[in-house]
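# no sequence on this one, just coordinates:
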């Protein structure tokens, strides 16, 4: 179990097999369109009439906006404060679209955790992150790599 206070979290708190669920963010059509106009201006994200004639029957959120929602919830509820830079992200997938009105939450499962061999003051944590809609369906999966300070360096 993670310490409630994110500033107290350390590598040793992220046990393999642990599962954490958190967050709740609902996206409106206006938010989806505004994000897409600035960062991902494809018709399926910005034009209600063209999107209605498309395969999803209406506007859908950009996958990058879904990543942004995931990162916000991941940062607020999972990562320790004063964290270290992440060395990368693997296997980003968007198995289902996000529609206006969908409410998203995050589930994190720790797949691997090991102390760094070259920098013993930190560990590497490999979680599997799922963003789920209000029906429990995956709308995003990603495998980030997190470097987290150790308590017992």
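That came through, no problem. Computed from a predicted structure; not experimentally measured.

# can you give me the buried ones in the helix ranked longest in the chain?
Longest helix of the chain, by residue count under DSSP state H: helix 63-77. In terms of neighbour count (16 or more other C-beta atoms under 10 Å), helix 63-77 has its buried residues at 63, 65-67, 69-71, 73-74, 77. From N, CA and C alone the C-beta is placed, and that goes for glycine too.

# which residues are contacting that helix?
Helix 63-77 has contacts (C-beta atoms under 8 Å, 6 or more residues apart in numbering) with 20, 22-23, 25, 27, 31-32, 35-36, 39-40, 92, 94, 98, 104-106, 108, 129, 131, 139-140, 142, 144.

# next one: stretch 18-29
Residues outside stretch 18-29 that contact it (C-beta under 8 Å, 6+ apart) are 1-2, 48, 59, 61, 65, 69, 72-73, 76-78, 98, 100-110.

# what's the average pLDDT for it?
Mean per-residue pLDDT for stretch 18-29: 95.
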